[in-house]
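>>> sequence and predicted structure below; questions after.
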Amino acid sequence: MLYLYSRLLVVNCYRALLLVCLTLCASLARAQTPSPSTTAAAAAVPAPKRHLQAVRITETIKLDGVLDEAVWQQAPVATDFIQNRPNPGPHEKHPTEVRILYDDANLYIGAVMHDVAQDSIMRELSPRDDAGNTDFFGVFLDTYHDKINGYGFIVTTGGVQMDSRYSPAGGEDFNWNAVWDSRTSLRGTDWIAELRIPYSAIRFSKVPEQLWGLNFMRQRKRDNQAFFWNEVKPAVDGFVNQWGELHGLRDIQPPLRLSLTPYVSGYVNHYPYNEQGVRNANTSFNGGADVKWGINESFTLDATLVPDFGQVQSDNQVLNLSPFEVQFQENRQFFTEGTELFNKGNLFYSRRVGAQPIGFGSVARRLRASKMGTDGQRQPGEVIVSNPGVTRLLNATKVSGRTKQGLGVGVFNALSNDVYATVRDSADGRERQILTQPFSNYNIVVLDQSLKNNSYVSLINTNVTRWGSTYDANVTGGLFRFANKKNSYALDGRLVYSRRRGREFGTDKQIDDQDGYKYQLGVSKISGNFTWGLNHGIESDKYNPNDLGILFGNNNISQSLNLSYNKYKPFWKVNNFYSWYNINHSLLYKPTRYQNVNLNAGFNTTFTKNFLTVEANFEANPATHDYYEPRQDRLGDYYVRVPGNVNASGYLSSDYRKKLAGEISGGVRTYAQDERLVRPRRMGYGWSISPRYRVNNQLNFRYSLDWNLSNNQIGYVNGGLDGGQALDTTMIRVLGGNVAKGMPPVDVLLGRRRVLTVTNTLSGAYTFNNRMSLTIRTRHYTSTVNYRDFARLGKNGQETLVDYRRNRDNTFNAFNVDAVYSWWFAPGSQVSIVWKNAGSTFLEANEATPLYFNNLSNTINTPHNNNLSIKILYYLDYLTLKRLRN
């Protein structure tokens, strides 16, 4: 019945998608732009473009945040900003005045923000790219005037800099860092910002007169207000397309953009091995450089030579009970900065570059086992001495840019060296090396053509080539987005092909997922108070982009309908109101079988007087067939049946302008009774609390506590079955396998379990000034799994209770401290001192405990790795050195 229902739903979704596509195509062909007849319709129409003239200067501007040079008064002024939040539309009461000057090397922006009193100007200091509780001023530049891509340069009242890139793929990306300068000052009841943006920090075409997109933003934190010079309407899709225009930039030349940032670093690492012949402490010294070269006015080469990523923030380690890998956040600056082109299509997961070697987990299987000697005594086998968990990169290079015709081009390439594990013979002490990662090349090529009406067409190719007897991988994808002239409707889609050739690493077995594909087609209404989207997609059973991308599960047919109704202007007692209603449906692709249906709805609003944000979510799921949880190579025969369930959750966030503020959230999920077996009903609970306290404008603390409990969860027994355990050998035989004959079990062992997870995170930050800060972050994570009983999973979701006596309880603890001192002693130049403390434990059987403080004590008292490092970067710019020489 579910199969028939699913087939009918797919057919109807196809019909609806085809009907909407035909309607959209007819709308695009007519290209009609009727005048709006209602207030809601007017709010969805972009505001008229404002224009500002820049003034060329020949005199020197002293960057001091004073604006006392006479030439500032000769420049046209941009003023009369328009509120974007919390009430879109009204003009500012406290004027902002902005002027732009330029010369052959720099763009200068001078801004005066009028206010009522100095105590109305919020001035919290924070690390770079963190606004904090403060007023700020920002300038936004669309240097190719394509209305899709742009730059942002923001400075707070305390002089803290933030910079960002804007693109369809990356959205607002504050990982991008440019080298520019700014000064701020207080003058009476006003505050002043003066920015100097060198042309080397941006890209633009070589033409006699430039036409750039331009906008300015002011945040007045006292009233939680944000204003733009050219009105930005929340009901209009897009951000860059709502900017004004900058005129008057004549005869400026894209400069030679050439810079070198050499680094030196030193590390002291200590781990208490306390073993004879093994040193507890060791040191290392590294050196390398980052190179940035402007190939021409459009394209830039970024290269990192002998990179050192040892100071990046520690990963949040977790106990993974799911059938999928854990996706970690990218913290390496080279892979977060200027990567918006490479993120098109979501085919690039940068953590694959320099990741865990592909043969890391197979070393234990390649050891010489112990054996019985001629004297009747068992001779010990080999043991692992070292098995590196990361792949060291030799270098990485990016070339990216966009032509004046709107064609974006990106090329990424990285090389990694061979990685070896070292094993030792326990009998005679001889050591040998086992290759776990061959010399590898990672490559991405992207072509992205910007089109009118916030549209684009893109082509992406990713490739991993490994030397030696293993496999290579290639993925090619095309994607598009076409919006109508009013930017109210859009049609988008993608088609991706994956190709893998060769043998599995360390074996003679051929790769079995050699050719696969994915496609997605969607149509949506993207502007106005009411928006919607209809999507359909397929990921084939052989589709695999995971050598350089990330996909948790293929073999899917999915379709969804997403509705949203938003009110952007204040009404009743709230500033705004956002609501959403979604229906999602999924089938297994091959064989075509039902997986799940999901219905969810929610809303978010902020109250006017106290700026309390409230959110609620509601979700309903009919019975689900989980084909991934049994961990079978061939999907379709085995699945875990999850009973129908409903979930309700909520979220509260207080006013962050207060010294003491925070967030609290909670939710409960209840399941229908599973009548097939006599066992308790499933339940799930979770809550979190995240208070923060601002001591003053330099010191703040944040704390987060997350608590989650899953009762009577049914899942694959983590760790699987061990043929070396007597109780497991018996169970393997019960499940249809045979250890002696090397036959794995046919059926699957499931466990009913209680999973309790608690995460505590405490962080503090002291900002000495706008270029120097100290941050510390401490995290303790504990997750305990207690198994109640076990079941044999057969085909078609059939479960039968089994008598399995081995204690499979387990507890995982992880503890990390990251302390970072950072000093930007010159533009682009930095000294950073980092201390890392890390420890983890995995407790099994009777040692596992759900008691939190026992786990905390156990984690603290186990051996920890301590790492102290210092790294010095020095930015060398060719143009600056040339001017100093002259």
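Perfect, thanks for sending it. Residues are numbered from 1 along each chain as shown.
>>> most remote residue from this structure's center?
Within the chain, residue 375 marks the point farthest from the mean C-alpha position, 59.5 Å out by Cα atoms, centre = their mean.
>>> that one: what secondary structure?
coil (DSSP: H, G, I helix; E, B strand; the rest coil).
>>> what do you get for residue 714?
Three-state call for residue 714 (three-state DSSP): strand.
>>> all further residue positions should be reported with the first residue as 790.
In the new count, where the first residue is 790, that last one comes out as residue 1503.
>>> that one: neighbour count?
Close neighbours of residue 1503, defined as other Cβ atoms under 10 Å, add up to 22. C-beta: built from backbone N, CA, C; applies to glycine.
>>> do the same with the one 10 residues further on
By the other Cβ under 10 Å criterion, the neighbourhood of residue 1513 contains 8 residues.
>>> need the contact list for it.
Listed by Cβ atoms under 8 Å, 6 or more residues apart in numbering, the contact set of residue 1513 is empty.
>>> and it, how close does it get to residue 1528?
Using Cβ to Cβ, to the nearest Å, residue 1513 is found at 9 Å from residue 1528.
>>> who touches both of the two?
Shared contacts of residue 1513 and residue 1528 (Cβ under 8 Å, 6+ apart): none.
>>> contacts only, for residue 990.
Applying Cβ under 8 Å, 6+ apart, one finds that residue 990 lies in contact with 940, 967, 968, 969.
>>> go again with 6 Å.
By Cβ atoms under 6 Å, 6 or more residues apart in numbering, the contact list for residue 990 reads 967, 968, 969.
>>> quick one, phi/psi of the second one?
The one in question is residue 968. Main-chain dihedrals, residue 968, degrees, to the nearest 10: phi -100, psi 110.
>>> tell me the spacing between it and residue 1042.
From residue 968 to residue 1042 the distance is 19 Å (Cβ to Cβ).
>>> same question, the last one
Relative to residue 1042, residue 969 is positioned 18 Å away (criterion: Cβ to Cβ).
>>> same thing with the first one?
The spacing between residue 967 and residue 1042, counted by Cβ to Cβ, is 19 Å.
>>> those two - which one has more neighbours?
Shown here are residue 967 and residue 1042; by other Cβ under 10 Å, residue 967 has more neighbours (20 against 11).
>>> so the more buried one makes contact with residue 954?
No - with contact defined as Cβ atoms under 6 Å, residue 967 does not reach residue 954; the gap is 9.2 Å.
>>> what's the burial count for residue 1006?
When counting by other Cβ under 10 Å, one arrives at 20 neighbours for residue 1006.
>>> strands of the stretch 790-939 of the chain, residue ranges please.
Along the stretch 790-939 of the chain, counting by DSSP state E, counting those that start in this stretch, strands occupy 840-842, 844-845, 871-874, 885-891, 895-903, 925-931, 939-945.
>>> mind putting those into a markdown table with mean pLDDT?
Shown next, in a markdown table, are the strands of the stretch 790-939 of the chain (pLDDT from 0 to 100):
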| stretch | mean pLDDT |
| --- | --- |
| strand 840-842 | 97 |
| strand 844-845 | 97 |
| strand 871-874 | 96 |
| strand 885-891 | 98 |
| strand 895-903 | 97 |
| strand 925-931 | 97 |
| strand 939-945 | 97 |
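>>> and of these, who's closest to residue 993?
Minimum separation from residue 993 across the strands of the stretch 790-939 of the chain (Cβ to Cβ) falls at strand 925-931, 8.7 Å.
>>> and the closest one, what does it pack against?
Contacts defined by 3 or more Cβ pairs under 6 Å, 6 or more residues apart in numbering; DSSP states H and E place strand 925-931 against strand 939-945, strand 998-1009.
>>> list the buried residues in the longest one.
In other words, strand 998-1009. 999, 1000, 1001, 1002, 1003, 1004, 1005, 1006, 1007, 1008, 1009 (16 or more other Cβ atoms under 10 Å).
>>> could you tell me how far the helix or strand just after it lies from the centre of the chain?
Next in sequence after strand 998-1009, counting helices and strands by DSSP states H and E, comes strand 1014-1017. In terms of Cα atoms, centre = their mean, to the nearest Å, the centre of strand 1014-1017 is set 27 Å apart from its chain centre.
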